[in-house]
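Chemist: Here's a sequence, model it:
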Amino acid sequence: MSKGYLTTHVLDTYNGKPGSGIKGSIYFFEDSNPKKIADFILNVDGRCDQPILENNQFKIGKYEIKFYCGEYFKKFTKLSDNPFLDDVVIRFGINDNNEHYHVPLLISPWSYTTYRGS
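Modeler: Now for the predicted structure:
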């Protein structure tokens, strides 16, 4: 069993607050096909209450997190039916499943950035 785990944190830079209520999904790639593992909704601090993945689910390989940010920003802005950013997809690899991987997202209706956090 691995000792590592995966977490995320979303900050809404448009409103200057955590991305509370943003929905997301996590996928694992088997061969070249993404397989959905779980869905999540971020809490009032823009985080999940528990790690997204841990223990036997947290394995070495390629992952994808999809954040449904267009749905979130429609609550605050008058986005068109085709917003500039809708779903934000982050693909990343896990090389050591005994480490903590943190995938933060800074988001606005027009831009985003991510990095491997701690």
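
Chemist: Pull the residues that contact the worst-scoring helix or strand of the chain on mean pLDDT.
Modeler: Using mean pLDDT, DSSP states H and E, helix 69-73 stands out as the lowest-scoring helix or strand of the chain, at a mean of 92. Around helix 69-73, the neighbours that count as contacts under C-beta atoms under 8 Å, 6 or more residues apart in numbering are 12, 14, 19, 21-23, 79, 83, 85-88, 107, 109, 112. Glycine gets a C-beta too; all of them are placed from N, C-alpha and C.

Chemist: Which of these ranks first by neighbour count?
Modeler: residue 19 (27 neighbours; other C-beta atoms under 10 Å).

Chemist: just checking, that residue touches residue 46?
Modeler: Yes - Residue 19 is within contact range of residue 46, at 4.3 Å (criterion: C-beta atoms under 8 Å).

Chemist: Overlap of the contact sets of these two?
Modeler: With C-beta under 8 Å, 6+ apart as the test, residue 19 and residue 46 both reach 10, 11, 12.

Chemist: ok, of those, which one's closest to residue 64?
Modeler: residue 10 (15.6 Å; C-beta to C-beta).

Chemist: Distance from the helix or strand containing that closest one to the middle of the chain?
Modeler: Using DSSP states H and E, residue 10 falls within strand 5-12. Relative to the centre of its chain, strand 5-12 is centred 6 Å away, using C-alpha atoms, centre = their mean, to the nearest Å.
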